[in-house]
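1. Below: sequence and its predicted model.
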Amino acid sequence: MAKRRAARIGRIAISTGGGDAPGLNAVIRAVVMTAHRQGWECVGIRDGYEGLLGPRSAGGLVPLTPARVQGITQLGGTILGTTNAGNPLTYPTRQRDGSIVLKDRSSELVRAFRREGLDALVAIGGDGSLRIANALEKKGLRVVGVPKTIDNDLADTVVTFGFDTAVSFATECIERLHTTAASHRRLMVVEVMGRYAGWIALNAGVSGDAHAILIPEIPYQIDKVAAALRAREAAGHYYGIVVVAEGARPKGGRRYVLDRRAGRAERLGGIGERVAKELAALTGKEARHVVLGHLLRGGSPTTFDRLISLRFGAAAVRALAEGRGGVMVALAPPTVRYVPLYQVARKIRNVPVASDTVRTARGLGISFGD
């Protein structure tokens, strides 16, 4: 656990970085309301850290008062804005010759915090954002992290906020596809987000009665998936639902990457279309693919996500009030605990291949293509 520090605080900042997720606004509200009762002033940084580093950084800090955050718990997105670019550790900077180089601007960012009279930062984000938070902590900034990602792939917390909302919506979509697939006797391949972890695909696939689920943790063989679907048809069931995580890959093969750009995380996608084409060729059935994509990020958070978002935000302020820094708040039912930022940085929590949910899926006859 990070050592305790003097708890003297007057002004704190909140940042929301990386992909948006349902529950971000609930965290913001909880931080502001809880800090207000400590007598602290809160400001939000626009668009990750662009409000302090970007070309339009003037006016990049938003005053956050109890009145400003009233009624935002149920809103999707983030009132502060966010970005997948602008990582201060590898900030894309254009040179005179037009080329782009990556610069470490983290020290400049810490100086900006000092200049603005900010005593601490609540950094709300996923693995990339928490790596940045850990680096800023090492440079002397007092930071508490809040785990955010629909992918549910952060270590040392039972769940991240945004995940339940994403799974709930994905499950609803899969349920709807059953009827159209059955009507046309076709295969439907549903590609979902999740990056390098299969939590969304697994949970939504099992809950939505999918017939095959392909996840990064279990490399698949397409002929085995096709065999499972043909066996299903031989038993009198003439359609099939296959849920594919965007980071899934065939045995001995690679992930499908749509885009790689300097200073940004690689963008995965395309696996759903590929699987649909291969299954159509192997089964002789018509196959369509659906990419849920950013639909999983949007909309209002579920009750569960609202509650843990509010709990996380309040716990982040409590951590600062207790003199802590360099920690992330984490859910450890029935309570919230603190774990060191360095412990969660650069760690991905994958689906255990022998987990109860995977075993349940196999018991239900769901194929993983292995």
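-> Here it is on my side, so go on.

2. where in the stretch 1-150 of the chain is pLDDT low?
-> Within the stretch 1-150 of the chain, the ranges that satisfy pLDDT under 70 run 1-7, 56-58.

3. Just checking: what are the partner strands of whichever strand or helix holds Pro147?
-> Applying DSSP states H and E as the criterion places Pro147 in strand 143-147. In the sheet, strand 143-147 lines up against strand 120-125 (parallel), strand 327-332 (parallel) (DSSP bridges).

4. Any chance you could list what contacts whatever helix or strand comes next after the first one?
-> Next along the chain after strand 120-125, taking DSSP H and E as the criterion, comes helix 127-138. Helix 127-138 is contacted by residues 15, 17-18, 48-49, 87-89, 106, 109-110, 121, 123, 125, 143, 145, 147-149, 153-154, 265, 325-326, 328, 341-342, 344-348 when judged by Cβ atoms under 8 Å, 6 or more residues apart in numbering. In short, each C-beta sits where N, CA and C put it, glycine included.

5. Next: stretch 9-17.
-> Contacts of stretch 9-17 from elsewhere in the structure, counted by Cβ under 8 Å, 6+ apart, are 24, 28, 31-32, 35, 38, 40-45, 48-49, 61, 64, 78, 80-83, 113, 116-125, 128-129, 132, 148, 320-321.

6. Now restrict those to buried residues only.
-> Using 16 or more other Cβ atoms under 10 Å as the burial test, these include 24, 28, 31-32, 35, 40-45, 48-49, 61, 64, 78, 80-83, 113, 118-125, 128-129, 132, 148, 320 as buried.

7. is it fair to say Val32 lies in a helix?
-> Yes. Counting by DSSP: H, G, I helix; E, B strand; the rest coil, Val32 falls inside a helix.

8. isn't it right up against Pro66?
-> Yes. Shown here, Val32 and Pro66 form a contact pair, counting by Cβ atoms under 8 Å, at 6.4 Å.

9. how does this structure divide up, domain by domain?
-> Using automatic domain parsing, the domains assigned to the chain come out as 11-161+301-344, 166-297.

10. if we compare those, which one ends up closest to Asp370?
-> Comparing the domains of the chain against Asp370 with Cβ to Cβ, the closest turns out to be domain 166-297 (5.2 Å).

11. Quick one: distance of the closest one to the chain centre.
-> Distance of domain 166-297 from its chain centroid, counting by Cα atoms, centre = their mean, to the nearest Å, is 19 Å.

12. and the end-to-end length of that domain?
-> 6 Å (Cα to Cα, to the nearest Å).

13. which residues of the stretch 251-370 of the chain fall in helices?
-> Counting by DSSP state H, counting those that start in this stretch, the stretch 251-370 of the chain has helices at residues 271-283, 303-321, 341-344, 356-363.

14. Are we agreed that Gly59 is in a helix?
-> No. Counting by three-state DSSP, Gly59 is located in no helix; its state is coil.

15. Give me the neighbour count for it.
-> 8 (other Cβ atoms under 10 Å).

16. Quick check: the gap between it and Thr83.
-> Going from Gly59 to Thr83 by Cβ to Cβ, to the nearest Å gives 16 Å.

17. give me every residue that touches the residue nearest the centre of the chain.
-> The chain has Thr149 as the residue nearest its centroid, 2.1 Å off, counting by Cα atoms, centre = their mean. With contacts defined as Cβ under 8 Å, 6+ apart, Thr149 is in contact with Gly18, Gly19, Ala21, Gly125, Gly126, Asp127, Thr160, Gly162, Phe163.

18. And the strands in the stretch 151-300 of the chain?
-> All strands of the stretch 151-300 of the chain, identified by DSSP state E, counting those that start in this stretch, fall at 187-192, 212-214, 240-245, 257-259, 267-268, 287-291.

19. Same list, the ones you listed, but as JSON lines with mean pLDDT, distance to Leu279 and mean neighbour count please.
-> Shown next, in JSON lines, are these (pLDDT from 0 to 100; distance: least, Cβ to Cβ, whole Å; neighbours: other Cβ atoms under 10 Å):
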{"stretch": "strand 187-192", "mean pLDDT": "98", "distance to Leu279": "6", "mean neighbour count": "28"}
{"stretch": "strand 212-214", "mean pLDDT": "98", "distance to Leu279": "9", "mean neighbour count": "29"}
{"stretch": "strand 240-245", "mean pLDDT": "98", "distance to Leu279": "7", "mean neighbour count": "29"}
{"stretch": "strand 257-259", "mean pLDDT": "78", "distance to Leu279": "21", "mean neighbour count": "11"}
{"stretch": "strand 267-268", "mean pLDDT": "84", "distance to Leu279": "20", "mean neighbour count": "18"}
{"stretch": "strand 287-291", "mean pLDDT": "97", "distance to Leu279": "5", "mean neighbour count": "19"}
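
20. Tabulate those strands in TSV, adding columns for distance to Ala228.
-> Shown next, in TSV, are the strands of the stretch 151-300 of the chain (distance: least, Cβ to Cβ, whole Å):
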stretch	distance to Ala228
strand 187-192	11
strand 212-214	6
strand 240-245	8
strand 257-259	27
strand 267-268	24
strand 287-291	14
